[in-house]
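Asks: Next come a sequence and a model predicted from it.
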Amino acid sequence: MNPNLKWKAVFIVAVIVLCIYWVVGVPNFPTSLSVLKENFAHQIKLGLDLQGGTHLILQVQVQEAIAQETDQTVDRLTTALRSKNIHYDEVRRADDTHIVVRNIPPDQSSDFRDLISGNQYDSEWQLSSAPGEINSYLLTMRPSAVANIQETTMSQSVETIERRINALGLTEPTIQRQGRKDNEILVQLPGEGDPEAAKRVIQAGGQLELTLVQDPNPYPSEAAALAAHGGVLPAGTELLKQRSESRNPQNPSDTGDSWYLVSRTPVVTGRDLRNATESRNTEMPGQWQINFTLSAEAARRFGPFTDQNRGRQMAIVLDHQVYSAPTIQSRIEDQGRIDGNFSQQSAHDLALVLRAGALPASIKYLEERTVGPSLGADSIRHGVQASVLSLLVVMVFMVFYYRLSGVNAVLALIINLIILLAALAMFGAVLTLPGIAGVILTIGMGVDSNVLVFERIREELRNGKSSAAAVEAGFDKAFLTIIDTHVTTVVSAFFLFIFGTGPIKGFAVTLTIGLIANIFTAIYISKAIFHYHLAKMDRQAEVSI
Amino acid sequence: MIELFKQPNLDWMGKAKYFFALSGTLLVIGWSAIFFHGGIKYGIDFRGGTNVDVRFANAPNVDQLRSGLRGQGLGNSEIQSISDIANPNSNEVMIFVEQTGSTDQALDEGKAKVLKALNATYGVSAAGKPDFNATGPTALAQILTAKDPLGLSVGAGDKYEQLAKAILSVRDKDKNGVLTNFDDLSQVNGITPAVVSALKDSFMLAPFAIRNVEIVGPKVGAELRNQAVRVTLYALAGMLLYIAFRFEWVYGAAAVIAVFHDVLITLGLFKIFGFEISLTVIAALLTLVGYSMNDTIVIFDRIRENLRLLRKEPFADIVNKSINQTLSRTILTSGLTFLTVLVLFLMGGQVLRAFAFALVVGIVVGTYSSFGIAAPLVVAWNKWRGHDGLASTGTAAGNRPRGNEGGQPRLATSGRR
């Protein structure tokens, strides 16, 4: 054998052994058939459509976080203007990313500009004159700041959802960002579990605030509360509605809505929590409550605060709804509780959500798909049966039609599949049903490459070339055609991968890997086998094709 | 050697007008079906809504089911029975509910109502024991381990996991996914009467099983539709560029027109045979685009090579010869690929049905369009430009000096490198 061919053979065998090892040899060294099977199941991950499970796509309402940031800037700016004695008529959020400041006196306009440019505002906000208004200004949030908030909101949302789902104890959930606008999160929950619990827990806001009630009277409506304060709310306060489920069922008069006037700046927020657990409510049999513990740092603030405000009401606000507004009886250090007609399940969920932390913005469901386990099993069975059968048909035909060269093609196909599986395992890609379809199509293209080469070799033989020359010419001439057809398909698969989602992406992955493996097997390996045969063969003998 | 054809010598380009007529007829039939019968039939991915896929123990009474759905205000939902060549009596239906509300809570409202309607129609109480037909292997193994009807203490978990798998495999394969009587499980390997009675204690049996639920918000549907169209156009443009770079832009344009023709014909056939267009089908359409392109390139590649070798022959003859030379490859590859997708279509199960249909049609149409549409288009273009191809015998075109490329397609010069 010539040394060149020997090295090729070594390389090819090494690739095959490595691929087989990668598919069934890790993580445990295979000592028995069952370990082999376990390794295979570990390495080749199945998509939800094959193993059953729930797939959710949720959209994070990022603009809420942006609007919130704008609101906070309005607050900060108002305080700064006051402290610098700059007169203004109004500072108001015009929309999510714009703030209007009206009527700064001309002689103070340079002070105002200094305030903006000299502060942290400048990196986030762009100052311009408000169109059509004299002495008024427009602050526009810079695109970089918007992108920044978007990024933080998304990564916080993913982390929070991850913590919540992990707390549910589901097996191998996947939580990842996806989508063109990059405000979508894909949650995949394999297995047969009920998606309802997960959905409830994911969507709960979990924004806890403890804040002082500024007016002991609850009001039946927003308008009534406004009227009681002369149409304008006192500075730094807001009106919040009581959660309807928190009404006292024993008290017939407690039926309508109640609105509380509370301080806008909470004393304690969800971030100050150290722990939250549910327990039976000792005063109301059959009801549950949530007990929480504050962090040491928050307790140092909370202790003196409750001391000073004894006798006043403290509203416990969750997701902008007042759950309860108990009166502060004594100094509270780090313990508190939330009442509100909870069932055991809802108390459990809420405690979990509080422990995992709040979402920075609310969430909407866009898609929900649940594949029952029996359908998944059916799909695997059908997919595998179809693949094996089509592979058999192709192999039998190739050997029948091209004889020994057909065996060559069959080998190339099998090696192609092994490489494909190894690549799936290596990239951690998931095998889905469209992915299996991609595999079947790879088989088709693999056959095509072999047929192209073999037909070319036959043509050259008909033209009277010797076996060796015909093989050489056949591969040579088919090479460009194979490259052109494969590159064209890879180009389209590339677009599918970049712009496609879900099934389209899974299909593109296996197709691309399969096509690349195909060039290697149908040209490199197949040619090496031909060379090996030719080297052993009599010079005058005809190649079996 | 076994050969299908010995040196075929067919005049393909002479029959171009018949090919064009055939394609035109197919397009008109398919697209008049689309235009006059309510447009393209989109699947849930593209129109939004709720799909619930239910399998029943016995053939479901559709009228009864519909009246149950009407009770939940879902009177105009679509009920479609799903059967399979591999499993003709699957007793399976797909219930489609349009997305009604636009509020946030409404996304899974349709699903909840369908479940309520099913429970009410078949007298199932949702509050009682869990439904055995909705249970998967892990949950079943957990319950069995907790009850321990075999009285195992050590290694009970593994044992019950195997048992759970065996039990569910009987349910899903032998009992079509819906068990009606726990005593039917007595044939399971390793099961004892104690296990059966433990199952009876822990579960109830609904006469149906939910196999699949898909909910897609209405906005998402429209977005996915736009995205699919965009992806297809990008993929086509990418291929056009690559072929224009490797051959000539006329070839690229002809190839893209040919695959576009394939997609349009396949869409028409989808309408006629009542298949829905889903995301997976888009993947299949793009595959057929790739296949058709593949076929076309093989022929173009041969034309490019022959143009270099046979400078004196008329262009149409060169094209004919190229198609004839690649004919046995075309038949072999397309035939084998057709067989693989046919197997997929017949055996791939309901989820892949529409996908495989697109490919079965696509392979045939895609193979045909390579010689029936793409190649004749290039020939027609050359004729229209007033040259009978590069190596025309009429004038001295083939022998013209290379520099004179003003009105001369550069086909030969840019041939194989």
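Replies: All right, it came through fine.

Asks: Now do the helix or strand residue A:147 falls within: which elements does it pack against?
Replies: With secondary structure defined by DSSP states H and E, residue A:147 is part of helix A:143-168. Here helix A:143-168 touches strand A:53-60, helix A:62-83, strand A:174-178, strand A:184-190, helix A:195-203, helix A:344-356, going by 3 or more C-beta pairs under 8 Å, 6 or more residues apart in numbering or on different chains; DSSP states H and E. C-beta: built from backbone N, CA, C; applies to glycine.

Asks: redo that, cut-off 6 Å
Replies: Packing partners of helix A:143-168 (3 or more C-beta pairs under 6 Å, 6 or more residues apart in numbering or on different chains; DSSP states H and E): helix A:62-83, strand A:174-178, helix A:344-356.

Asks: Single out the most deeply packed of these.
Replies: helix A:344-356 (a mean of 20; mean count of other C-beta atoms under 10 Å in any protein chain shown).

Asks: what's the angle between it and helix A:195-203?
Replies: For helix A:344-356 against helix A:195-203, the angle by axes from the mean of the first three to the mean of the last three C-alpha atoms, to 10 degrees is 40 degrees.

Asks: Can you name every helix or strand that helix A:344-356 contacts?
Replies: Against helix A:344-356 (3+ C-beta pairs under 6 Å, 6+ apart) you get helix A:143-168, strand A:273-280, strand A:288-294.

Asks: Following element in sequence after that helix, please.
Replies: The C-terminal neighbour of helix A:344-356 among helices and strands, as given by DSSP H and E, is strand A:363-371.

Asks: anything in that next one near chain B?
Replies: Yes. Counting by C-beta under 6 Å from any C-beta of the partner chain, chain B is contacted by strand A:363-371 at A:364, A:365, A:366, A:367, A:368, A:369, A:370, A:371.

Asks: Which pLDDT value belongs to the residue nearest the centre of chain A?
Replies: Nearest residue to the geometric centre of chain A (C-alpha atoms, centre = their mean): residue A:176, 2.0 Å. As predicted, residue A:176 sits at a pLDDT of 87.

Asks: Can you name the residues that contact residue 39?
Replies: I went with chain A, as the question did not name one. By C-beta atoms under 6 Å, 6 or more residues apart in numbering or on different chains, the residues touching residue A:39 are residue A:24.

Asks: Surely it is within a helix?
Replies: Yes. Remark: residue A:39 belongs to a helix, assigned using DSSP: H, G, I helix; E, B strand; the rest coil.

Asks: Now the helix holding residue A:147: average pLDDT?
Replies: 88.

Asks: same question, stretch A:207-222
Replies: 86.

Asks: swap in stretch A:464-478?
Replies: For stretch A:464-478, mean pLDDT is 91.

Asks: So what's the gap between that stretch and the chain middle?
Replies: Distance of stretch A:464-478 from the chain centroid (C-alpha atoms, centre = their mean, to the nearest Å) equals 52 Å.

Asks: which residues are in contact with it?
Replies: Here stretch A:464-478 makes contact (C-beta under 6 Å, 6+ apart) with A:452, A:453, A:456, A:457, A:460, A:461, A:527, A:530, A:534, A:542, A:543.

Asks: mind showing which ranges of chain A have poor pLDDT?
Replies: When residues are selected by pLDDT under 70, those of chain A lie in A:1, A:119-120, A:180-181, A:192-194, A:246-255, A:502-503.

Asks: Return the longest strand in it, judged by number of residues.
Replies: strand A:208-219 (DSSP state E).

Asks: Where does the stretch 301-417 of chain B get nearest to chain A, which residue?
Replies: residue B:349 (3.4 Å; C-beta to the nearest C-beta).

Asks: With the stretch 1-150 of chain B instead?
Replies: residue B:136 (2.7 Å).

Asks: Next one: that residue relative to residue B:143, how far apart?
Replies: Residue B:136 sits 11 Å away from residue B:143, going by C-beta to C-beta, to the nearest Å.

Asks: now do residue A:372
Replies: On the measure of C-beta to C-beta, residue A:372 and residue B:143 end up 18 Å apart.

Asks: again with residue B:54
Replies: 24 Å.

Asks: quick one, strands of the stretch 151-300 of chain B?
Replies: For the stretch 151-300 of chain B, applying DSSP state E, counting those that start in this stretch gives strands covering B:208-216.

Asks: Could you list the low-confidence segments of it?
Replies: Looking at the stretch 151-300 of chain B by pLDDT under 70, you get B:154-155.

Asks: tell me which parts of it are close to chain A?
Replies: B:172, B:177, B:210-217, B:220, B:231, B:234-235, B:238-239, B:242, B:246, B:279-280, B:283, B:286-287, B:290, B:293-294, B:297-298.

Asks: at 7 Å instead, please
Replies: For the stretch 151-300 of chain B, the residues in contact with chain A (C-beta under 7 Å from any C-beta of the partner chain) are B:172, B:177, B:209-217, B:220, B:227, B:230-231, B:234-235, B:238-239, B:242-243, B:246, B:279-280, B:282-283, B:286-287, B:289-290, B:293-294, B:297-298.

Asks: Now, those that are in helices?
Replies: B:220, B:227, B:230-231, B:234-235, B:238-239, B:242-243, B:246, B:279-280, B:282-283, B:286-287, B:289-290, B:293-294, B:297-298 (DSSP state H).

Asks: Please list only the buried members of those.
Replies: B:220, B:227, B:231, B:234-235, B:238-239, B:242-243, B:246, B:279-280, B:282-283, B:286-287, B:289-290, B:293-294, B:297-298 (16 or more other C-beta atoms under 10 Å in any protein chain shown).
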